[in-house]
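> next one to model:
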Amino acid sequence: FVWEEDNRRGTAINSVVSGGCIISGSTLIESICFSNVRVNSGSRVEQTVVLPEVTVGAGSKIKKAIIDRGCQIPEGTVIGYNHDDDRARGFRVSENGVVLVTKTELENL
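Predicted coordinates for the structure are as follows:
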């Protein structure tokens, strides 16, 4: 957990973070981060499972999703806030509103 500045703190609330993760000036809420995950500045990850070796680009917003191993989320990406937009980008959305993000769909962004 790095950075200790106003509006730029690495924090996790009701979350589980594995070893090797870097939460850099971003916020995790009710999420799980497996090993070697990096969440960059200004990002918000909420009610999400992030599998190993994922990078979340700065300023991204992710809610109620499963991010597959090795995904590189581009800066400013928004996932889980508008399911029509999620489907249009090729993401699968469950009946319960959980968005599945894999490398294949990210390559098409």
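> going forward, measure contacts between C-alpha atoms and count neighbours the same way
Will do.
> what about residue 48, distance to residue 29?
According to CA to CA, to the nearest Å, residue 48 and residue 29 sit 8 Å apart.
> the two - which one has more neighbours?
Per other CA atoms under 10 Å, whichever of residue 48 and residue 29 has more neighbours is residue 48, with 22 against 17.
> mind checking how far that one is from residue 88?
Distance check for residue 48 against residue 88: by CA to CA, it reads 20 Å.
> and if you look at residue 100?
Distance of residue 100 to residue 88, given as CA to CA: 13 Å.
> in whichever helix or strand residue 87 is part of, what's buried?
Per DSSP states H and E, residue 87 falls inside helix 83-88. Of all the residues in helix 83-88, those buried under the rule 16 or more other CA atoms under 10 Å are 83, 86.
> gap between it and the chain center?
Mean-position distance between helix 83-88 and its chain equals 17 Å (CA atoms, centre = their mean, to the nearest Å).
> what sits up against the following helix or strand past that helix?
On the C-terminal side of helix 83-88, the closest following helix or strand by DSSP H and E is strand 92-93. The contact list for strand 92-93, computed with CA atoms under 8 Å, 6 or more residues apart in numbering, reads 83, 86, 87, 99, 100, 101.
> and the helix holding residue 87, what does it pack onto?
Judged by 3 or more CA pairs under 8 Å, 6 or more residues apart in numbering; DSSP states H and E, helix 83-88 is in contact with strand 92-93.
> quick one: mean pLDDT over the strand it packs on.
Across strand 92-93, pLDDT averages out at 96.
> one more: stretch 17-25?
Confidence over stretch 17-25 (mean pLDDT, whole number) is 95.
> give the buried residues for it.
The neighbour-count check on stretch 17-25 (16+ other CA under 10 Å) flags 17, 21, 22, 23, 24, 25 as buried.
> show me where the chain has helices.
With DSSP state H as the criterion, the chain has helices at 83-88, 103-107.
> rebuild those helices as TSV, extending it with mean pLDDT.
Output for those, formatted as TSV (pLDDT from 0 to 100):
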stretch	mean pLDDT
helix 83-88	95
helix 103-107	89
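> export those to a markdown table and append columns for distance to residue 65.
Converted to a markdown table, the helices of the chain look like this (distance: least, CA to CA, whole Å):
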| stretch | distance to residue 65 |
| --- | --- |
| helix 83-88 | 11 |
| helix 103-107 | 14 |
